[in-house]
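Enquirer: Here's a sequence, model it:
(one chain, ligands or ions: 2)
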Amino acid sequence: MPTSTPGPRELLKRIRAIMAESQGQDSDAESRLNTITTDIARNMRAEVCSVYVLRADRELELFATEGLNPEAVHKSTLTIGEGLVGLIASSARSLNLPDAQKHPAFQYLPETGEELYSSFMGVPILRAGRVLGVLTVQNVDPRIYADVELEAMETIAMVLAEMIGAGELLAIDRNGTTLDLESSINVTGASFSAGIGMGQIFLHEPRVVVSQLVGEDVDTEIARLHEALDALRLSIDDMISSDAMRADGDHREVLEAYRMFANDRGWVRRIEEQIRSGLSAEGAAEKVQSDNRARMMRSSDPYLRERMHDFDDLAYRLLRQLTGRDHVMPSDIEGKDAIVVARNMGAAELLDYRGSSLRGLVLEDGTPTSHAVIVAKAMGIPVVGRARGLNSLVKNGDPVIIDGDEGTIYLRPAQDLEAAYSEKVQFRAARQARYRELKDTPAISLDGDHVRLNMNAGLVFDLPQLAESGADGIGLFRTELQFMVSSTLPRGDAQQRLYREVVEAAGDKPVTFRTLDIGGDKVLPYLKQTAEENPALGMRAMRIALDRPGLLKAQLRSLLKAAAGRELRVMLPMVTLLSEVDAVRRILDAEVRHLTRHGHELPNIIRLGLMVEVPALLWQLEDLMETVDFVSVGSNDLFQFIMAVDRGNAALMGRYDELSRPFLRVLKKVADVANRTDTELNLCGEMAGKPLNAMALLALGYRSISMSPASVGPVKAMVQSLNIEALRRELLPHLDAGRFDEVTIRELLEDFAAHNGVALD
Ligand code: PEP
Ligand code: MG
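Expert: Ligands and ions are numbered 1, 2, ... in the order given. Take a look at the predicted model:
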């Protein structure tokens, strides 16, 4: 035992040397752990140093010790919360006790011989805020360990966390027990897009692994930190002042919060303190973040937990500055059966991943009607949303199954579960094959009504689905998607090219092009917009079109040219007043005149329709049906406005049901007037794609609905097994009757389907 302590900095250097040496010599993890415990004990003048690792059965197993009975290694265990070690694991907090035996949580483990020791210091081994084990030292004589020693222990615990996280301890033979980090976990989220995805985790914003934890020189590391912070602040300022951000309230707020954190003196001071205790700048940033995380994860305050995400993001940005590591590239997933995990994602970011290797998407936040999810549905990939905290439970490459039907994520699944899911995938494939057989059959109900099943689309890669799904046409072509995935405003000729491709792919099948529906949650980075208090009720769609007619004119001209010699169907989103339709019609007529004057061939018929999304239209229905050639209910927006429920707010998801009486009465009112006036009627929101919801729509009088291509098969199977008139007779009396607490008719529909053999899967 040395006579004087070399100090914590010295200790950190020695630990780094052990790691470096042993890597070179290819020594095994067990002997490295032993060397580390011996070295810590010697350096801290402690008689005991031990490492406990958390197993999958939530037991903390003694993995290495200097000073306790070596026979106890891999035998002695504590449950979480049991004894001092268990307390550290359950609270994720360090303990520094001069007389451990006086602590109420102290527990005597006879096999270790620890009754001889009185002083105890223990720290949690944390990785991304998650407890993986506990590191302790003990002394015979009562003593208080200095703060710098505690800091040094916490830092060494980070080195151990990386060893455990990298799977190095798995090779140690311990009669088949597994570690917690490798255990199977089920995470319940919400079903955003149906289907099953099997593959491996690919983090959209991956953790940066800090390999250089220990610093050589304090001044150099502090200078590096400040350089990185300056670069970070500059990049945040740049983002805030960019045109894109000026237009987008949400992002702007997040970035303003980042800017505030990035200038937070407390945060910077804590990182500097860690550097002074011997860490590299990145090691210090990671340590402070891990501590923050552990603290915030235990907090029940939702505001704090939400801030945790922001702090995480900021810390990752700083780490990336310090390590010079960039984002992973979407192309990195190639050949990997990737399940991409992100906090949230825009439609354009998701499209970057498109290709045969993308098997599924998990969002920590997001909502089912957000645009990334709509695009995911178009791509036919399952999505599980609201998987809070998943990022901190996984690492790149972890095996995973996501069940988009149930909204469940099975992390590192056991073999039998994997086998069960493989079978389920085969079963689904067989079902898909059955749907394919239905492809060329008409959607005729048992009582002989023909239902048009259209599909929604918006990008070129949707087009092959028209033939594959057997859809009757494109009921909604979201033209804004081309604008959203492009980094500059698509010019008229680019628009015309896309529209031409669409009409040619559709052949005889009709296509309804919706004019640009931007604003709200659909942001175009290159289009200047002023920040709005309430974007969903702000400058959107029709309002932008009429204020900036240049955009609308260019689009209508492109559409007219692309549909030369065919039928052109144009649909207007977010109409509030019929005078807006008149204004568009004037612009359209002027474009027709312009093209005629210049000798262009025109479409042989032009139909102008609108979307029923704004409730004000419900009191203009008779006039509306006279004004336009067709109407299509945009149930996503109509529901959001009728129920006053933000479609993008995850906290409100599932609170109100589309099958509730008030909303169904609204839908029936539109259908009644359309049918009475013989106006073509369609519904193209997400509800059309769910067989049970589609059943209700048929009973209300809808005979044309539009959905994602993957839903066409299941909805057709439902139509072909349903007697619409029988359902109508049963359902309609319930629509106006019923108590308020029986507001949804979901159960009624389910019972009807069960008793009448309606295919609902
Ligand atoms: C709708 O609102 O129902 C709709 C189809 O339009 P979007 O989802 O593109 O807003
Ligand atoms: Mg809409």
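
Enquirer: Tell me the secondary structure at the residue of the stretch 101-250 of the chain found nearest ligand 2.
Expert: Residue nearest to ligand 2 within the stretch 101-250 of the chain (Cβ to the ion): residue 192, separated by 17.4 Å. Where you see a C-beta, it was placed from the backbone N, CA and C, and this is true even at glycine. Here residue 192 is strand, with the state taken from DSSP: H, G, I helix; E, B strand; the rest coil.

Enquirer: ok, now how distant is it from residue 734?
Expert: Distance, residue 192 to residue 734, using Cβ to Cβ, to the nearest Å: 29 Å.

Enquirer: Compare these two and say which is more crowded by neighbours.
Expert: Neighbour totals were compared for residue 192 and residue 734, and residue 192 leads with 26 against 14 (other Cβ atoms under 10 Å).

Enquirer: give me every residue that touches the more buried one.
Expert: The neighbourhood of residue 192, defined by Cβ atoms under 8 Å, 6 or more residues apart in numbering, consists of 363, 366, 367, 368, 373, 376, 383, 384, 385, 404, 407.

Enquirer: my read: the fourth one touches residue 193, true?
Expert: Read that as residue 368. Yes: here residue 368 reaches residue 193: they are 7.4 Å apart, a contact under Cβ atoms under 8 Å.

Enquirer: Find residues that contact each of these two.
Expert: Common neighbours of residue 368 and residue 193 (criterion: Cβ under 8 Å, 6+ apart): residue 383.

Enquirer: So which of the two has more stuff around it?
Expert: More crowded of residue 368 and residue 193, by other Cβ under 10 Å: residue 193, with 27 against 22.

Enquirer: from memory the more buried one sits against residue 383, does it?
Expert: Yes: taking contacts as Cβ under 8 Å, residue 193 lies within contact range of residue 383: 3.8 Å.

Enquirer: so what's in contact with the two at the same time?
Expert: Both residue 193 and residue 383 are contacted by 361, 368, 373, 376, 377, 404, under the criterion Cβ under 8 Å, 6+ apart.

Enquirer: For ChimeraX, write the selection for the buried entries among those residues.
Expert: The buried residues among these can be selected in ChimeraX (16 or more other Cβ atoms under 10 Å) with this line:
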select :361,368,373,376,377,404
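
Enquirer: could the shared contacts of residue 193 and residue 383 be laid out in CSV, adding secondary structure, distance to ligand 1 and pLDDT?
Expert: Below are the shared contacts of residue 193 and residue 383 laid out as CSV (DSSP: H, G, I helix; E, B strand; the rest coil; distance: Cβ to the nearest ligand atom, whole Å; pLDDT from 0 to 100):
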residue, secondary structure, distance to ligand 1, pLDDT
361, strand, 18, 96
368, coil, 11, 75
373, helix, 10, 83
376, helix, 14, 85
377, helix, 11, 80
404, coil, 19, 93
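
Enquirer: Which members of the shared contacts of residue 193 and residue 383 are the farthest-apart pair?
Expert: 361 and 368 (11.9 Å; Cβ to Cβ).

Enquirer: Give the intersection of the neighbour lists for these two.
Expert: Each of 193, 383 lies in contact with both residue 361 and residue 368 under the rule Cβ under 8 Å, 6+ apart.

Enquirer: nearest residue to residue 707 other than its sequence neighbours?
Expert: residue 689 (3.4 Å; Cβ to Cβ, 6 or more residues apart in numbering).

Enquirer: got the contact list for that neighbour?
Expert: 377, 707, 708, 710, 711, 715 are the contacts of residue 689 under Cβ under 8 Å, 6+ apart.

Enquirer: Between those residues, identify the one with the most neighbours.
Expert: residue 707 (28 neighbours).

Enquirer: Check that one and give its pLDDT.
Expert: As predicted, residue 707 sits at a pLDDT of 94.

Enquirer: which residues does it contact?
Expert: 453, 454, 455, 456, 475, 684, 686, 688, 689, 694, 715.

Enquirer: Next, count neighbours for the fourth one.
Expert: Per other Cβ under 10 Å, the neighbour tally for residue 456 reads 27.

Enquirer: before we move on, back to that, out of the contacts of residue 707, who's nearest residue 259?
Expert: Nearest to residue 259 out of the contacts of residue 707 is residue 686 (Cβ to Cβ; 36.0 Å).

Enquirer: where's the closest one relative to ligand 1, distance?
Expert: Distance of residue 686 to ligand 1, given as Cβ to the nearest ligand atom, to the nearest Å: 7 Å.

Enquirer: if we can go back for a sec, in helices, which of the contacts of residue 689 appear?
Expert: In this view, these that belong to helices under DSSP state H are 377, 710, 711, 715.

Enquirer: Which of these scores worst on pLDDT?
Expert: Lowest pLDDT within the ones in helices among the contacts of residue 689 is found at residue 377 (80).

Enquirer: And for that one, nearest residue in space, chain neighbours not counted?
Expert: residue 708 (4.1 Å).

Enquirer: Surely the one you found and residue 375 touch.
Expert: No: checked against Cβ under 8 Å, the pair residue 708 and residue 375 is beyond contact range at 10.0 Å.

Enquirer: How about the contacts made by residue 499?
Expert: Counting by Cβ under 8 Å, 6+ apart, residue 499 touches 479, 513, 558, 559, 562, 563.

Enquirer: In contact with the third one, which residues?
Expert: Put plainly, it is residue 558. 492, 493, 495, 496, 499.

Enquirer: cool, the first one as well?
Expert: The neighbours of residue 479, taking Cβ under 8 Å, 6+ apart as the test, are 458, 495, 499, 513, 514, 515, 516, 517, 555.

Enquirer: any low-confidence regions in the stretch 251-400 of the chain?
Expert: Residue ranges of the stretch 251-400 of the chain with pLDDT under 70: 251-258, 297-310, 325-328, 348, 369, 371, 392.

Enquirer: In terms of pLDDT, where does residue 78 sit?
Expert: 89.

Enquirer: Which positions in this structure make contact with ligand 1?
Expert: 476, 478, 517, 613, 634, 635, 636, 637, 684, 685 (Cβ under 6 Å from any ligand atom).
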